[in-house]
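Peer 1: no sequence for this one, just the structure:
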């Protein structure tokens, strides 16, 4: 990405941050709920098409898909894959804690 593109994106993000900084908690909550609804709707649609989740994806595969959807400009899929990544990290953390408590 060239310098001009970085400047443009940074300016766009600055404008977005400014817009959301002035939101009340209730407005931000409604925005987050709306986004979550979009995430769940997209996952539901994929499930109806036969998709069965991300359980068979490695951490690297999830990161690759996040990058792919960032390039596509699809924040809903980015967020969904981020949730899958977060869940994978939580599972690893729980497994490590369990191993430590059992002395494994």
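Peer 2: Received the coordinates, thanks. Everything numeric in this text was worked out from a predicted model, so none of it was measured.
Peer 1: So which bits of stretch 68-85 are buried?
Peer 2: Buried residues in stretch 68-85, defined by neighbour count with 16 or more other C-beta atoms under 10 Å: 69, 76, 77, 78, 79, 80, 81, 82, 84, 85. Heads up, the C-betas are built off the backbone N, CA and C, glycines and all.
Peer 1: do you know how far residue 34 is from residue 65?
Peer 2: Per C-beta to C-beta, to the nearest Å, residue 34 is found 23 Å from residue 65.
Peer 1: quick one: which of the two has more around it?
Peer 2: Of the pair residue 34 and residue 65, residue 65 is the one with more neighbours under other C-beta atoms under 10 Å, namely 18 against 10.
Peer 1: and that one, what does it touch?
Peer 2: 57, 77, 81 (C-beta atoms under 8 Å, 6 or more residues apart in numbering).
Peer 1: Might you report the residue contacts of the residue lying closest to residue 54 once chain neighbours are set aside?
Peer 2: Leaving aside its chain neighbours, residue 54 sits nearest to residue 84 (4.0 Å; criterion: C-beta to C-beta, 6 or more residues apart in numbering). By C-beta under 8 Å, 6+ apart, the residues touching residue 84 are 54, 57, 62.
Peer 1: Sounds good, over and out.
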